[in-house]
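**Student:** Predicted model and sequence below, questions to follow.
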Amino acid sequence: MTGIAITVIMPVFNAAPFVERAISSVLVQSLPAAEILVVDDCSSDATRDIVAALARRHPSVRLLCMAANGGPAAARNMGIAQATGDWIAILDADDAYAPDRLAALAGLVACDPAADIVADDLLDYDAAAARTTGRAIGPGAIPPGPVAVETYLAHNLADGRGPDWGLLKPMIRRAFLLSSGIRYPTAQRHGEDFTFMVTLLLHGARFRILDTAHYLYTQREGAVSRKASDMTRTTIAYGALARAAIDLTAHPAIRSAPGLAALLLRRAEGLSRLDDAHFFSQAIRRGAVGALAARALRRPSFVPRIGRQVGRALHRRIAIWRSA
C-alpha cells in the first residue's frame, strides 16, 4: 500500500539511554513514516538534546515539548493534535519497531479498508540478552476478523492465562479520532491506553490484529537473561489499573451491557490479586511486618488471598523436593 501516510507518536521522559534506538527503528522502516513526533514530557536528562540532534539530521523527526509534565496520555494527545498523517502509530521510548512493522500494518489496512484501528502481536525483547524471546500472544490465538469490545475485554482479565491485549500498540485512523473527539484520558497515569482503546471500541471503531509480531516490547525482566532491564520505564501499578477498570463500568455503553461490566470487574479482581501479591513480596523483602498488618486490616481479602498464594508456592516446592 503506497498511498498511506503514517505519523508515529512517541512520548518520552528521561529516556536518554535508549531514545535513539526507538527513533532509529522508525527511520529504517521499509515503509517510511511521514513524520515522527517525539513529545518530551519535561525530561531532566539529555533526552531533549538527543532528539533535537536527530531532528537536525532527519527531517521526518520533530521534537515537541510539553510545558509541564503531564504523563503519557497528555504527551500522546499533544502528538495527535500536531499529527498530519492519515494514520497514527504509537511507540513507547523503551520499545522499538521491527523494520517491516509499518509495512505490515499498512498491508492489513489494504486488506480491510474499513478498519479504524490495526495492531500486531508483540515480540518480547530481553534487553540484557539483546534479543527477542518469542511472541507474546502467539500464532493462532488472534481472531482473523474484527475484534469486538467483548473479545478485547475478555483478553484483558489479568488472570495469568495469557498476556493482556491492552499491551498491544495500535495504529489508528486519524479521521476517526478527529470525528469522534476521543483522546487519551489525561487523569490517568496508568492504564490510559486500555481505557482509550475500550472507549474507541465502544464508539464503534473497527479493530483488526495481525497474526504476526513486529513490535519489540521490552520486558521488565528478561525471559532468557532473568535480569531486570535497564531500559524499560514500565512501572507496576496494579491498584491504579484496577481502579481504572472499575471507573470504566460507569460508561453509559457499559452500564447498559451487564456482560461488559462483568468482564471489567473480573479484570479489576485479577489486578487486585496481582497488587496484593506484589505488595506482599515487597513487604517481605523489606521486613515490613507493620505494613502487612495495616493492609490486612484495610483489605479483609488480603490475608486469605496471600495465604492461598503461599500455600501454592509451598506445594510446588514440596513437589520439587520429592521429585529430586
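**Tutor:** All right, it came through fine.
**Student:** Hmm, residue 97 and residue 25 touching each other?
**Tutor:** Yes - counting by C-beta atoms under 8 Å, residue 25 touches residue 97, with 4.5 Å between them. Any C-beta I mention is one placed from the backbone N, CA and C, and that applies to glycine too.
**Student:** which residues do the two both contact?
**Tutor:** 91, 216 (C-beta atoms under 8 Å, 6 or more residues apart in numbering).
**Student:** Check the average confidence over the helix or strand containing residue 80, would you?
**Tutor:** Using DSSP states H and E, residue 80 sits within helix 71-82. Helix 71-82 shows a mean pLDDT of 98.
**Student:** neighbour-wise, which of residue 25 and residue 97 wins?
**Tutor:** Neighbours were counted for residue 25 and for residue 97 using other C-beta atoms under 10 Å; residue 97 has more, 26 against 19.
**Student:** Let me see the contact set for that one.
**Tutor:** The contact partners of residue 97, by C-beta under 8 Å, 6+ apart, come to 25, 26, 29, 91, 214, 215, 216.
**Student:** quick check, the second one in a helix?
**Tutor:** Yes - membership of residue 26 in a helix is supported by DSSP: H, G, I helix; E, B strand; the rest coil.
**Student:** Tell me how far it lies from residue 169.
**Tutor:** Computed with C-beta to C-beta, to the nearest Å, the distance linking residue 26 and residue 169 is 12 Å.
**Student:** Between these two, which contacts overlap?
**Tutor:** Taking C-beta under 8 Å, 6+ apart as the criterion, residue 26 and residue 169 both touch residue 91.
**Student:** neighbour count winner among those two?
**Tutor:** Taking other C-beta under 10 Å, residue 26 and residue 169 do not tie; residue 26 has more neighbours (25 against 18).
**Student:** wait, the more buried one sits on residue 9?
**Tutor:** No - using C-beta under 8 Å, residue 26 is not in contact with residue 9; the gap is 10.6 Å.
**Student:** Show me whatever sits in contact with both of these two.
**Tutor:** With C-beta under 8 Å, 6+ apart as the test, residue 26 and residue 9 both reach residue 91.
**Student:** Just the C-alphas of the longest strand along the chain, formatted as PDB.
**Tutor:** Determined from DSSP state E, the single longest strand within the chain is strand 207-218. Taking C-alpha atoms only, strand 207-218 is exported to PDB below (Å, rounded to 0.1, in the frame of the first residue of the first chain):
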ATOM      1  CA  PHE A 207     -10.300  -3.200  15.100                       C
ATOM      2  CA  ARG A 208      -8.100  -5.800  13.400                       C
ATOM      3  CA  ILE A 209      -5.000  -7.600  14.700                       C
ATOM      4  CA  LEU A 210      -2.300  -9.200  12.600                       C
ATOM      5  CA  ASP A 211      -1.400 -12.700  13.400                       C
ATOM      6  CA  THR A 212       2.300 -11.700  13.200                       C
ATOM      7  CA  ALA A 213       4.600  -9.800  15.500                       C
ATOM      8  CA  HIS A 214       6.600  -6.600  14.600                       C
ATOM      9  CA  TYR A 215       6.600  -4.600  17.800                       C
ATOM     10  CA  LEU A 216       9.600  -5.200  20.100                       C
ATOM     11  CA  TYR A 217       8.300  -5.000  23.700                       C
ATOM     12  CA  THR A 218      11.000  -4.600  26.300                       C
END
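**Student:** Give me the buried stretch members for that strand, please.
**Tutor:** 207, 208, 209, 210, 212, 213, 214, 215, 216, 217, 218 (16 or more other C-beta atoms under 10 Å).
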